[in-house]
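**Student:** generate coordinates for the sequence data below:
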Amino acid sequence: MSERYVMAIDQGTTSTRCILFDSNGRLVDVAQREHKQWYPQPGWVEHDATEIWRNLTRLAPEVLRRVGAGPEQVAAIGIANQRETVVVWDRATGVPVSRAIVWQDTRTAQLVEELSGEEGHDRFRDRCGLPVSPYFTAPKLRWMLDQDPRLRARAEAGEVIAGTVESWLVWNLTGGPDGGLHITDVTNASRSLLMDLRTLAWDDVLLDHFGVPRAMLPEIRPSVEVYGEARTVLPGVPIAAALGDQQAALFGQTCFSPGEAKCTYGTGSFLLVNTGTEPVPSSHGLLTTVGYQIAGQPAAYALEGSIAITGSLVQWFRDGLGLISSAAEIETLARTVEDNGGCYIVPAFSGLFAPYWRSEARGIIVGLTSYITKGHLARAVLEATGWQTRDVVEAMNADSGIPLTTLRVDGGMTADNLLMQFLADVLDVPVVRPLVAETVSLGAAYAAGLAIGFWPDLGVLRRNWHRAAQWVPGMAPERREEEYADWKRAVERTFDWIRT
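**Tutor:** Numbering: from 1, shown residues only. Prediction:
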């Protein structure tokens, strides 16, 4: 009998990947293609949704060829996607009306101030769990509709439709203009500013306030459920899961119980803690979001701290400053010095996310003296990720009432041992990396496999999880608190740089 696999489609900010996992949750093979990043104006970030779809049509057959397998050996497809990136396309032709607006984009900053009004950015937190921010999808949709009155009229008639990237991919996989499914899952919908967290449905008050027609929005479905079968690329294979990438990582890290937390370190970094079947409101700048929902069961909620710039700070250090030639070199350079020399880098390139939510903030380097070398700067780059994580953990502990005891980590930056040790030091808890570091993809695969019975239950998924490495705290408490106080002072200096 031939081996059967679950395929994860990991559609990320910089690339799309198709990954095959076997019944033991082992990564068998992966195919990957990058897509172009468009920066038409300062603060604007766009993707070509057609390019992303075209890449997927090539990647799925490619990864099967690499392992000598056919489509009949794929038991199910699970999708994890970059969240809050919005695609609007013509229902009849399948052609996007413009490039997708990416989650990092800040063009809606002024619009967000108008939409927040006198009640402020937290006016809808009780309803949707989110602050009014350029980060989320509703302001992006509103901005697109405001640019062209004809587009709004077509949206109200349902002639043009919208969704985050998983909606776009599912629609195309299931037929596109010829009957494609227009759906989204609860995790992606919970990032829109348009869904009621408790009813898990589009909310009339929010739709009216943000001026988004219901007719253009997808149907909200559970994260773990057979939505339908693919009609192209992998015909006949069930599409059985969709999750926002960070919720997929929570699932892949098997954080199925309240209090269990993970942080994914990529372009940005995202720390989520499972809070159980009731949403926990945040009074410390975190997001209340849906962690996942298995069909027929209550949703599992999470608190999230989103950090905009972590891995991309290393990329800037490489490409913008030219101080290293590869991302991996930053650890070597940082190890040429014992500490940061009093230098801190706060990477508020497009504002600050959790727990500050200051869209007008901009990045700074403080503490510069003639003593500072590129080694100190490299160390400050890595330490910025640690301190930003500490900010989020402090807020999470205060909101949840359950102090963090262990942090499970994943993503490309976890290969940096100096950074992982620094995280353990500044958080004062063990930091654990799993054997399979690709937990976003693994979570999408786990969810799809669970939906079709490829894996029978959550217990089996837990038993598949294995620790690969662990770092324990070693920093003196006095030094930890002194340096954290310096970091906080540096952060305050980024505020109010952009005057709206």
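
**Student:** which residues touch stretch 123-136?
**Tutor:** By C-beta atoms under 8 Å, 6 or more residues apart in numbering, the surrounding residues in contact with stretch 123-136 are 84, 103, 105-109, 112, 115-117, 121-122, 139-140, 190-197, 203, 205-206, 209, 279, 281-282, 287-289, 306, 351, 353, 357, 359. Where C-beta positions appear, they are placed from N, C-alpha and C, glycine not excepted.

**Student:** among these, which ones are buried?
**Tutor:** The neighbour count (16 or more other C-beta atoms under 10 Å) marks 84, 103, 105-109, 112, 115-116, 121, 139-140, 190-197, 203, 206, 209, 279, 282, 287-289, 306, 351, 353, 357, 359 as buried among these.

**Student:** just the strands from the stretch 101-250 of the chain, written as ranges.
**Tutor:** All strands of the stretch 101-250 of the chain, identified by DSSP state E, counting those that start in this stretch, fall at 160-164, 183-185, 195-196, 201-202, 219-221, 224-229, 238-244.

**Student:** mind putting these in JSON lines, mean pLDDT included?
**Tutor:** JSON lines is the format used below for the strands of the stretch 101-250 of the chain (pLDDT from 0 to 100):
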{"stretch": "strand 160-164", "mean pLDDT": "97"}
{"stretch": "strand 183-185", "mean pLDDT": "97"}
{"stretch": "strand 195-196", "mean pLDDT": "96"}
{"stretch": "strand 201-202", "mean pLDDT": "98"}
{"stretch": "strand 219-221", "mean pLDDT": "97"}
{"stretch": "strand 224-229", "mean pLDDT": "96"}
{"stretch": "strand 238-244", "mean pLDDT": "97"}
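
**Student:** select, out of those, the one closest to R480.
**Tutor:** Minimum separation from R480 across the strands of the stretch 101-250 of the chain (C-beta to C-beta) falls at strand 238-244, 32.4 Å.

**Student:** buried residues of the closest one, list them for me.
**Tutor:** Result for strand 238-244 [16+ other C-beta under 10 Å]: buried residues 238-244.

**Student:** which of these sits closest to Q293?
**Tutor:** In terms of C-beta to C-beta, no member of the buried residues of strand 238-244 lies closer to Q293 than L243, at 9.4 Å.

**Student:** dump the residue contacts of the closest one.
**Tutor:** By C-beta under 8 Å, 6+ apart, the contact set of L243 is 78-81, 185, 187-188, 223, 251, 292, 443-444, 447.

**Student:** try P298
**Tutor:** P298 is in contact with T277, counting by C-beta under 8 Å, 6+ apart.

**Student:** and for the one 10 residues further on?
**Tutor:** Taking C-beta under 8 Å, 6+ apart as the contact definition, A308 lies against 104, 268, 347-353.

**Student:** pipe those into CSV and attach secondary structure, pLDDT and distance to P473 per row.
**Tutor:** Compiled in CSV, these are given as follows (DSSP: H, G, I helix; E, B strand; the rest coil; pLDDT from 0 to 100; distance: C-beta to C-beta, whole Å):
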residue, secondary structure, pLDDT, distance to P473
Q104, coil, 85, 32
G268, coil, 83, 25
P347, coil, 94, 24
A348, coil, 92, 27
F349, strand, 89, 30
S350, coil, 81, 32
G351, strand, 86, 31
L352, strand, 87, 26
F353, coil, 83, 25
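
**Student:** do you have the helices of the stretch 301-450 of the chain handy? List them.
**Tutor:** According to DSSP state H, counting those that start in this stretch, the stretch 301-450 of the chain carries its helices in the segments 311-315, 329-334, 374-400, 417-427, 439-452.

**Student:** where's T57 relative to H121, distance?
**Tutor:** Using C-beta to C-beta, to the nearest Å, T57 is found at 40 Å from H121.

**Student:** surely R91 meets A162?
**Tutor:** No: under the criterion of C-beta atoms under 8 Å, R91 makes no contact with A162, lying 10.4 Å away.

**Student:** just want to know which of these two has more residues nearby.
**Tutor:** Neighbour count, other C-beta atoms under 10 Å: between R91 and A162, A162 has more, with 25 against 17.

**Student:** what sits against the more buried one?
**Tutor:** 86-89, 141, 155, 216-218.

**Student:** could I get the buried residue list for stretch 339-357?
**Tutor:** For stretch 339-357, by 16+ other C-beta under 10 Å, it's 340-341, 343-357.

**Student:** also stretch 328-338?
**Tutor:** Buried-residue list, stretch 328-338, by 16+ other C-beta under 10 Å: 330-331, 333-334, 337.

**Student:** end-to-end on it?
**Tutor:** 19 Å (C-alpha to C-alpha, to the nearest Å).
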